[in-house]
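Asker: Show me the folded form of this:
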Amino acid sequence: MILAVSMIHDFAAVSHRRLSRRDRDSVTFLPDADCDSFLLPRIPLQGIVILTSFVAGVQWAYIHRFGPWRVRKVENMGKVEIYYFSGTGNSLAVARDMAEKLTAKLTPVVSLMDQERINAEADVVGFVFPIYDFKPPSLVEDFVHKMEGIDCKYLFAVCTYGIAPAQSLKHFAKVIESCGGQLSAGFAVGMPHSGIGSGAVTEAQQESMFESWEDRLEEVCDSISSEEAIKIESSNLLSDFFQSRIISMVPSLLKFLKQVLLKGTGSLAFTSSEDCNGCGICERICPMDNVEMVDDRPVWSDNCAGCFACLNWCPKEAISLGGFDANIRHYHHPDVKILEMMGQRERAIATGP
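Answerer: Numbers count the residues shown, from 1 in each chain. Here you go, the predicted model:
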């Protein structure tokens, strides 16, 4: 408001200087103010109201959008809900970290997919998910199409990626728009790759990714708390492939491509080896309910999300892509427990009040 009064004063001073001598003689001035000692010409009350409202609006827009003194909304922001999907635990770990910072309710996407319509009660709604084939899982897109009332909420998304985010978040923004909402913020978080060629990722590189996320967590949550509208993060896929850790995966990716061209995708269907002990973890951990144990051996249906949860969480490392050597490191996030993954279809996790 001080800025608004100051700008009115400047406006009045300029206007006064532009008056002719005759006009200035006919203008009555207000007495000096006790604090600021400035003079204002007596102008119509309606003009003062209009001018004050305009300047105050400009001031609010500047501070809220561009100013270095943006008001943080952590204490006064509305409820926050985060919906997540995860296969290896990477996205769950990220979503859980954010939920703790934002005092948000954490809900697995698959726990609500049997509902025809989904209503989010919170004012701030987020989505955390991995990307497959450089786009969000189809399950997450289907989830968004079931949501109601997202046109009046602040929406954000976080994608976890092992190779590159590419245009996945911009694609997700279009899905949101098709449902009447607007994605205000999109963050891409690098996490250890868990698919074809992941054996080339070293433990040191994995630790570096975990540390990078820890360093960035507060910044991301501050942006969400302030309900900032920021640029959706993306990357150039061509330039991404020249990164050292991705170059190391190229031999495995070329080998995979050769397998598909010569023998078809059917040759890469999930299968279990003789090392399988019939524990049933693959059946229980599949978020899509796509695995069934038959005679103590897993049988896969055709509702696969491509999350590789069954392969990566197998304690015997007995599951592969048709026996093909895809150089896959059996990986899952070290801070996520197997019971948390198994419960995605059955429960929502609440953090805070």
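Asker: CA atoms for contacts and neighbours, from now on please.
Answerer: OK.
Asker: If you count neighbours, what's buried in the longest helix along the chain?
Answerer: Using DSSP state H to define each element, the chain has its longest helix at helix 203-225. Buried positions in helix 203-225, judged by neighbour count with 16 or more other CA atoms under 10 Å: 206, 209-210, 213, 217, 220-225.
Asker: Show me what that helix packs onto, helices and strands only.
Answerer: Other elements packing on helix 203-225 under the criterion 3 or more CA pairs under 8 Å, 6 or more residues apart in numbering; DSSP states H and E are helix 90-102, strand 183-190.
Asker: Could I get the buried residue list for stretch 298-307?
Answerer: Using 16+ other CA under 10 Å as the test for burial, stretch 298-307 gives 298-300, 305, 307.
Asker: between those, which is closest to A269?
Answerer: A269 has its nearest neighbour among the buried residues of stretch 298-307 in W300, at 8.6 Å by CA to CA.
Asker: isn't the closest one right up against N290?
Answerer: Yes: look at W300 against N290 with CA atoms under 8 Å: they come within range, at 5.9 Å.
Asker: What are the boundaries of the strands in the stretch 251-353 of the chain?
Answerer: Along the stretch 251-353 of the chain, counting by DSSP state E, counting those that start in this stretch, strands occupy 270-272, 291-294, 297-300, 319-321, 349-350.
Asker: Looking at the ones you listed, which one is packed in the most?
Answerer: Burial of those is given as mean neighbour count (mean count of other CA atoms under 10 Å); strand 319-321 ranks first at a mean of 21.
Asker: Of the buried residues of helix 203-225, which is the nearest to H145?
Answerer: Nearest to H145 among those is I224, at 22.7 Å by CA to CA.
Asker: which residues of this structure score low on pLDDT?
Answerer: Scanning the chain for pLDDT under 70 picks out 1-78, 241, 244-245, 346-353.
Asker: Let me see the domain layout of it.
Answerer: 2-65, 80-243+341-350, 249-335 (automatic domain parsing).
Asker: So what touches stretch 198-212?
Answerer: Stretch 198-212 is contacted from outside by 190-193, 245, 248-249, 327-329, using CA atoms under 8 Å, 6 or more residues apart in numbering.
Asker: same check, this time on stretch 268-286
Answerer: Outside stretch 268-286, the residues within contact range by CA under 8 Å, 6+ apart are 87, 260, 289-293, 296-300, 309-311, 313-314, 316-324, 338, 341-343.
Asker: my guess is F308 meets T88, correct?
Answerer: Yes: the pair F308 / T88 is scored as a contact, 7.3 Å apart, by CA under 8 Å.
Asker: Find residues that contact each of those two.
Answerer: Both F308 and T88 are in contact with S194, where contact means CA under 8 Å, 6+ apart.
Asker: Those two: which is more packed in?
Answerer: Each of F308 and T88 has its neighbours counted (other CA atoms under 10 Å); T88 has more, 27 against 23.
Asker: correct me, but the more buried one touches D335?
Answerer: No: the pair T88 / D335 is not scored as a contact, 10.8 Å apart, by CA under 8 Å.
Asker: shared neighbours, the two?
Answerer: With CA under 8 Å, 6+ apart, T88 and D335 have no common neighbours.
Asker: what's the closest non-adjacent residue to E227?
Answerer: Y154 (6.7 Å; CA to CA, 6 or more residues apart in numbering).
Asker: same deal with P136?
Answerer: S168 (6.2 Å).
Asker: Can you show me the helices along the stretch 201-350 of the chain?
Answerer: With DSSP state H, counting those that start in this stretch as the criterion, the stretch 201-350 of the chain has helices at 203-225, 237-240, 244-247, 250-263, 281-285, 309-312, 338-342.
Asker: May I see those helices arranged in JSON lines, with distance to V175 as well?
Answerer: Formatted as JSON lines, the helices of the stretch 201-350 of the chain follow (distance: least, CA to CA, whole Å):
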{"stretch": "helix 203-225", "distance to V175": "20"}
{"stretch": "helix 237-240", "distance to V175": "21"}
{"stretch": "helix 244-247", "distance to V175": "28"}
{"stretch": "helix 250-263", "distance to V175": "29"}
{"stretch": "helix 281-285", "distance to V175": "28"}
{"stretch": "helix 309-312", "distance to V175": "25"}
{"stretch": "helix 338-342", "distance to V175": "26"}
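Asker: Can you tell me which of the ones you listed is nearest to Q115?
Answerer: helix 338-342 (19.8 Å).
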